[in-house]
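A.B. asks: Quick one, structure for this:
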Amino acid sequence: MLALSALDLARAQFAFTMSFHILFPAVSIGLASYLAVLELSWLRTRRQVYVDLYHFWLKIFAVMFGMGVVSGIVMAYQIGTNWSRMSEVAGGILGPVLSYEVLTAFFLEAGFLGVMLFGWTRVGPGLHFLATCMVAIGTLISATWILAANSWMQTPQGYAVEGGRLVPADWLAIVFNPSLPWRFMHMVVAAYLTTALIVGATGAWQLLHGRDNPAVRKMLSMAMWMILIVAPIQAVVGDFHGLNTLEHQPAKIAAMEGHWQNTPGEAVPLTLFGIPDMEAETTRYAVDVPHLGSVILTHSWDGQFPGLKAFPKQDRPNSLIVFWSFRLMVGLGLMMIALGLWSLLLRRSGRLFVARPFLHAARWMGPAGLVAILAGWVTTEVGRQPWVVYGVLRTADAASPHAAGAVALTLGLFVIAYLFVFGTGTAYVLRLMRKGPLTFALHRAPAGGPGEGRTPMRPLSAADVGTDDDDDTTRS
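C.D. replies: Alright, predicted model coming up:
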């Protein structure tokens with residue numbers, strides 16, 4: 001670590017903290033929408049199973065939302081400490097976009113979150129459902145602004161250069177930059193798919209441990225329907241996102257494919273596996289499928305796209321990292337599609353809830369969405385290098401002038417603090433998942449007042465595992 005430069009350490013620190021942060025909002029986005037669907041299903045059918053599932057996943061959502069807020073605050077401060085030059089050059093654009101996320105999404109979520117977490121016994125069913133929907137919408141709005149900022153850094157437009165600084169010239173062009181639509185759809189679908197895998201894994205774990213009840217069956221069934229539908233949609237969205245990237249960031253595509261140069265008149269093969277060598281400018285041990293690279297990326301039998309040799313060495317992303325992170329993401333996506341199809345076959349034969357090999361597979365696929373998100377993020381961010389604002393501001397010119405030792409010290413402190421804080425939070429979430437859904441009493445007056453059940457004072461209090469009686473808080 002001591003041999004690394006301050007720039008390398010700053011990048012490692014940002015990657016470490018961002019890897020934690022990106023997972024919590026992704027699950028929060030998916031769970032918020034899932035909770036809205038559960039509450040709507042209860043309002044329409046009045047079936048107890050939907051109430052039980054709602055309150056079970058509400059506890060987990062509260063913890064995930066809290067950890068997402070905490071990790072997000074760290075990210076904001078880190079931009080100012082380690083990347084002050086980026087703030088100086090591009091802050092006139094990125095600052096307002098990120099502040100819009102606070103003024104719209106965060107205030108919306110904060111305004112309705114308390115009602116969603118603690119209002120089941122205090123407001124009517126319609127108002128409580130409205131609060132759940134507003135929180136779900138707030139998570140989507142938040143994702144929109146965050147992705148607008150990141151997408152602008154990937155495909156910048158609508159700016160002017162004045163005095164060495166980037167200033168806004170067209171806010172609509174800045175926000176609705178060329179990569180935002182596909183990046184937004186790709187991320188939101190990934191959030192829904194990740195949540196479905198976690199819900200499905202929880203249901204499978206419960207069934208494997210003999211906890212077969214209507215709530216467990218319903219959560220597994222809903223999760224498998226979502227995976228069956230959404231996983232293929234993600235593949236289609238990813239294809240269009242790739243075409244957009246080829247148009248605006250061709251060097252990233254070349255690095256993802258391990259493609260170095262075109263042979264005149266020949267199609268580009270798809271390299272399934274290999275080891276890109278940046279120094280030798282070749283992909284060693286390549287396993288190629290003829291023409292498939294042209295078919296996927298140009299939608300023609302013999303189309304060509306630029307290879308890495310078409311770009312100066314100093315402008316090339318690290319192909320070794322991007323090549324394999326992309327394949328990890330795609331490989332997990334194919335496994336998700338296979339899991340969805342397997343569930344359909346078992347559903348048709350009436351064995352969805354008893355086929356143990358399938359339940360084991362669903363259980364072990366639980367973290368697959370989280371891993372795929374991290375792999376996709378690595379592909380996106382490492383593939384953007386050496387630029388922090390693509391084609392405009394280099395990463396080396398965006399970092400703060402810190403000494404390597406100072407950055408190394410803070411990185412070490414971050415690793416220790418994050419593993420303790422978020423490791424504890426993750427262990428708590430797994431404990432909640434193992435407990436499983438309980439029957440939620442709908443017709444008993446809520447406890448309260450001196451000597452009675454406590455009134456929660458903090459959002460995370462909604463995740464208290466407590467006793468079975470504590471979980472039977474009721475709605476009047």
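A.B. asks: Leaving out chain neighbours, which residue sits closest to the residue nearest to the spatial centre of the chain?
C.D. replies: Most central in the chain under Cα atoms, centre = their mean is Ala26, positioned 3.8 Å from the mean C-alpha point. Excluding its sequence neighbours, the residue lying closest to Ala26 (Cβ to Cβ, 6 or more residues apart in numbering) is Ala191, at 4.4 Å. C-beta here means a position set from N, CA and C on the backbone, and glycine is covered the same way.
A.B. asks: so which helix or strand takes in the one you found?
C.D. replies: If you go by DSSP states H and E, Ala191 is part of helix 180-208.
A.B. asks: buried stuff in that helix?
C.D. replies: By 16 or more other Cβ atoms under 10 Å, the buried positions in helix 180-208 come out as 180-207.
A.B. asks: Then stretch 159-171?
C.D. replies: So for stretch 159-171, counting by 16+ other Cβ under 10 Å, buried means Tyr159, Leu166.
A.B. asks: Now the terminal residues of that stretch, how far apart.
C.D. replies: 8 Å (Cα to Cα, to the nearest Å).
A.B. asks: Just say helix, strand or coil for Ala32.
C.D. replies: Assigned state for Ala32: helix (three-state reduction, DSSP: H, G, I helix; E, B strand; the rest coil).
A.B. asks: Look up how far Leu130 lies from the residue nearest to it when sequence neighbours are not counted.
C.D. replies: Nearest residue to Ala32 in three dimensions, chain neighbours excluded: Ala136, at 3.9 Å (Cβ to Cβ, 6+ apart). Going from Ala136 to Leu130 by Cβ to Cβ, to the nearest Å gives 11 Å.
A.B. asks: So if I had to pick from the two, which one is more boxed in?
C.D. replies: Taking other Cβ atoms under 10 Å, Ala136 and Leu130 do not tie; Ala136 has more neighbours (23 against 17).
A.B. asks: Give the rounded mean pLDDT of the helix or strand containing the more buried one.
C.D. replies: For Ala136, the host element (DSSP H and E) is helix 125-154. When pLDDT is averaged along helix 125-154, the result is 93.
A.B. asks: Check which helices and strands the helix or strand just after that helix sits against.
C.D. replies: Remark: after helix 125-154, the chain's next helix or strand is strand 159-162, criterion DSSP H and E. On a contact count with 3 or more Cβ pairs under 8 Å, 6 or more residues apart in numbering; DSSP states H and E, strand 159-162 meets strand 165-168.
A.B. asks: list the helices and strands the strand it packs on packs on?
C.D. replies: helix 84-101, strand 159-162.
A.B. asks: From the chain's centroid, how far away is the last one?
C.D. replies: In this view, strand 159-162 has its centroid 32 Å away from the chain centroid, taken as Cα atoms, centre = their mean, to the nearest Å.
A.B. asks: ok so, going back, and the residue nearest to Ala26, how far from Ala372?
C.D. replies: For Ala191 relative to Ala372 (Cβ to Cβ), the value is 11 Å.
A.B. asks: Could I get the pLDDT score of the closest residue to Tyr54 other than its chain neighbours?
C.D. replies: What sits nearest to Tyr54 in space, not counting adjacent residues and going by Cβ to Cβ, 6+ apart, is Leu38, at 4.4 Å. Here the pLDDT value assigned to Leu38 is 95.
A.B. asks: so which helix or strand takes in Leu38?
C.D. replies: helix 6-45.
A.B. asks: returning to what we had before: contacting residues for the residue nearest to Tyr54?
C.D. replies: Going by Cβ atoms under 8 Å, 6 or more residues apart in numbering, Leu38 touches Tyr50, Leu53, Tyr54, Trp57.
A.B. asks: does the last one really touch Ala36, like I thought?
C.D. replies: So that's Trp57. No - in this structure, Trp57 is not within contact of Ala36 by Cβ atoms under 8 Å, at 11.1 Å.
A.B. asks: and this structure, what are its domains?
C.D. replies: For the chain, automatic domain parsing gives the domain ranges 1-177+403-476, 186-394.
A.B. asks: Give me the helices and strands touching the helix holding Ala136, please.
C.D. replies: helix 6-45, helix 84-101, helix 107-118, helix 171-175, helix 180-208, helix 368-384, strand 387-389.
A.B. asks: for these, which one sits closest to Ala406?
C.D. replies: helix 6-45 (7.8 Å; Cβ to Cβ).
A.B. asks: Mind picking out the helix or strand in the chain with the poorest mean pLDDT?
C.D. replies: helix 468-471 (a mean of 40; mean pLDDT, DSSP states H and E).
A.B. asks: can you tell me the helix or strand for Leu328?
C.D. replies: Using DSSP H and E, Leu328 falls in helix 319-348.
A.B. asks: Tell me the helix or strand right after that helix.
C.D. replies: helix 356-364.
A.B. asks: Could you count how many residues lie near Val69?
C.D. replies: 17.
A.B. asks: Check Ile337 too.
C.D. replies: 16.
A.B. asks: ok, back up a step: ok, now how distant is the residue nearest to Tyr54 from Cys133?
C.D. replies: 12 Å.
A.B. asks: And Asn262, by the same measure?
C.D. replies: 51 Å.
A.B. asks: which one of the two has more residues nearby?
C.D. replies: Between Asn262 and Cys133, Cys133 has the larger neighbour count (other Cβ under 10 Å), namely 18 against 15.
A.B. asks: from what I can see that one touches Ala36, true?
C.D. replies: Yes - between Cys133 and Ala36 there is a contact at 5.2 Å, judged by Cβ under 8 Å.
A.B. asks: Quick check: which helices or strands does the helix holding Ala191 pack against?
C.D. replies: Using 3+ Cβ pairs under 8 Å, 6+ apart, the elements in contact with helix 180-208 are helix 6-45, helix 125-154, helix 214-248, helix 356-364, helix 368-384, helix 404-435.
A.B. asks: which stretch among the ones you listed comes nearest Gly340?
C.D. replies: Nearest of the helices and strands packed on helix 180-208 (Cβ to Cβ): helix 214-248, 3.5 Å.
A.B. asks: Quick one: list the elements packing against that closest one.
C.D. replies: Helix 214-248 packs on helix 48-82, helix 180-208, helix 250-257, helix 292-298, helix 319-348, helix 356-364, going by 3+ Cβ pairs under 8 Å, 6+ apart.
A.B. asks: Just say which of these is most tucked in.
C.D. replies: helix 250-257 (a mean of 25; mean count of other Cβ atoms under 10 Å).
A.B. asks: Direction included, what does the following helix or strand past that helix pair up with?
C.D. replies: Using DSSP H and E, the next helix or strand after helix 250-257 towards the C-terminus is strand 270-277. Looking at strand 270-277 with DSSP bridges, its partner strands are strand 282-289 (antiparallel).
A.B. asks: Thank you kindly, that will do.
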